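Asks: Got a predicted structure here, sequence first:
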Amino acid sequence: MFTYQFHSYVYTSVADVLDLLSLINCYVAFTVYVLTSSTYRETLVELLTRTVRCDWEGQKSKANSRAVSRKNSPAAAITPAAVRRAHKAREEAAEEIEKRVVAAAVNIEEGAKL
């Protein structure tokens, strides 16, 4: 049986049923995910509320919309003081590395002079 024959005899007779089954599958899969996965529900609610909030407030920038986070989100723990501490720690680490590099360079130069 050739492709054209298959299409005309088989597919056209069951096309409506296949399309209906495909649509039912989409709706059932969505419903199953919503009913069984709390992570999926939380993400869906966050996505929908973020979208509604952005539309409602006049299309705020992406940075502002990402700033709205859930209570238990790791991003909620980031405060200006925490950012300052992180910058200070990074600067101190960079200074320590620079000191070690300079000391190693001095040791190499002294070793080369001997």
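Replies: Everything's here; your move.

Asks: Let's test this: name the helix or strand in the chain with the lowest mean pLDDT.
Replies: When the helices and strands of the chain are scored by mean pLDDT, DSSP states H and E, helix 62-67 comes last with a mean of 50.

Asks: now the longest helix anywhere in the chain, how far from the centre of its chain.
Replies: Ordering each helix of the chain by length in residues (DSSP state H) puts helix 80-113 first. Computed by C-alpha atoms, centre = their mean, to the nearest Å, the chain-centroid distance of helix 80-113 equals 34 Å.

Asks: Ok, stretch 24-44 next?
Replies: Offset of stretch 24-44 from its chain centre (C-alpha atoms, centre = their mean): 19 Å.

Asks: Likewise for stretch 99-114?
Replies: Per C-alpha atoms, centre = their mean, the displacement of stretch 99-114 from the mean C-alpha position of its chain is 46 Å.

Asks: got any ranges where the chain has weak pLDDT?
Replies: Scanning the chain for pLDDT under 70 picks out 1-2, 51-78, 112-114.

Asks: Kindly recompute the last result at 50.
Replies: For the chain, the stretches with pLDDT under 50 are 61, 63, 69-70.

Asks: Does anything pack onto the helix or strand containing residue 30? Which helices or strands?
Replies: Per DSSP states H and E, residue 30 falls inside helix 12-36. In terms of contacts (3 or more C-beta pairs under 8 Å, 6 or more residues apart in numbering; DSSP states H and E), helix 12-36 is packed against helix 38-56. All C-beta spots, glycine's among them, are computed from the backbone N, C-alpha and C.

Asks: returning to what we had before: any buried residues in the longest helix of the chain, and which?
Replies: Neighbour-count burial for helix 80-113 flags no residue at all (criterion: 16 or more other C-beta atoms under 10 Å).

Asks: i'd like the first residue to be 161 from this point on
Replies: Noted, 161 is the first residue going forward, which turns the last one into helix 240-273.

Asks: Packing partners of that helix?
Replies: Going by 3+ C-beta pairs under 8 Å, 6+ apart, helix 240-273 lies up against no helix or strand.

Asks: Alright, that wraps it up for me.
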